[in-house]
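S.K.: Fold the following.
(one chain, ligands or ions: 1)
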Amino acid sequence: MIDLYFAPTPNGHKITLFLEETGLPYHLHRIDIRTGDQFKPEFLAISPNNKIPAIVDHQPVDGGAPVSVFESGAILQYLAEKTGKLLSLELRERTRTLEWLFWQMAGFGPMLGQNHHFNHYAPQPVPYAIERYQQETKRLYGVLHTQLMKNAYIAGEHYSIADIATYPWVVSHERQRIDLADFPAVRNWFERIKNRPATEKAYAIAEQK
Ligand SMILES: N[C@@H](CCC(=O)N[C@@H](CS)C(=O)NCC(=O)O)C(=O)O
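M.R.: Numbering: from 1, shown residues only. Predicted structure coming up:
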């Protein structure tokens with residue numbers, strides 16, 4: 001059984017998407033990041049950077065003590081290696097998948113996070129920052145569009161943890177002031193992932209619990 005420490009945010013949704021897609025049993029624990037659950041000592045013991053998502057795997061493949069993992073990209077890689085799913089063992093496809101997973105973790109996620117911040121949460125308008133992160137958001141959607149012109153999915157012809165890491169950030173495209181009509185390959189990919197039964201279930205469960 002996997003314990004998942006979760007809030008319904010893009011980074012949180014990555015892990016419910018993976019777990020629903022693969023059918024790995026899990027128990028979802030809500031962390032209310034608006035009221036400070038992420039600073040409680042028992043959560044910091046699992047996630048020292050005080051952020052969701054985090055997991056504890058009570059049945060690691062080595063048969064040893066439970067393993068905890070924080071950082072959504074590391075969690076996706078850990079779970080993919082545990083299950084043998086959504087991360088190819090073939091050298092080139094695996095490299096491509098990890099390359100785009102790291103692209104999401106280091107670029108698409110953080111830059112779009114800044115876009116959300118300066119468009120919706122900053123206590124005062126900062127035009128330079130709004131413009132800077134809007135341009136960077138558009139650039140990154142352009143990079144994703146170019147990649148998706150080549151393949152059905154980000155790392156090739158198979159759905160992978162690179163898609164799972166990226167999709168929840170595209171869900172918020174309207175908040176990022178992005179029109180998917182400007183990026184048709186992204187829009188087609190987005191619609192296909194949205195209609196996967198596991199995606200529908202992951203979002204429904206996350207909103208309920
Ligand atoms: N790089 C981290 C980012 C995680 C992250 O930013 N989590 C946010 C919610 S999406 C959070 O827990 N924020 C609480 C806080 O910063 O106190 C990951 O991908 O896991």
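S.K.: give the contact list for the nearest residue to I2 once chain neighbours are set aside.
M.R.: Excluding its sequence neighbours, the residue lying closest to I2 (C-beta to C-beta, 6 or more residues apart in numbering) is Y26, at 4.2 Å. C-beta coordinates here come from the backbone N, C-alpha and C atoms, glycine included. Residues in contact with Y26, defined by C-beta atoms under 8 Å, 6 or more residues apart in numbering, are 1-4, 19.
S.K.: Among the residues you listed, name the buried ones.
M.R.: 2-4, 19 (16 or more other C-beta atoms under 10 Å).
S.K.: Looking at stretch 149-167 now, give me its mean pLDDT.
M.R.: Confidence for stretch 149-167, expressed as mean pLDDT, is 98.
S.K.: What's the local residue count around F108?
M.R.: Neighbours of F108 under the rule other C-beta atoms under 10 Å: 22.
S.K.: Quick one: residues contacting it.
M.R.: So F108 contacts 140, 144, 166, 169 (C-beta under 8 Å, 6+ apart).
S.K.: Looking at neighbours, which among these is most surrounded?
M.R.: Going by other C-beta under 10 Å, T166 tops the contacts of F108 with 28 neighbours.
S.K.: In space, what's closest to that residue - neighbours in sequence excluded?
M.R.: Q104 (4.9 Å).
S.K.: a helix runs through the one you found, doesn't it?
M.R.: Yes: assessed by DSSP: H, G, I helix; E, B strand; the rest coil, Q104 belongs to a helix.
S.K.: picking that back up, which of the buried ones among the contacts of Y26 sit farthest apart?
M.R.: Greatest spatial distance among the buried ones among the contacts of Y26 (C-beta to C-beta): D3 and L19, at 11.2 Å.
S.K.: The chain against the ligand: which residues are in contact?
M.R.: 7, 9, 11, 33, 38, 50-53, 71-72 (C-beta under 6 Å from any ligand atom).
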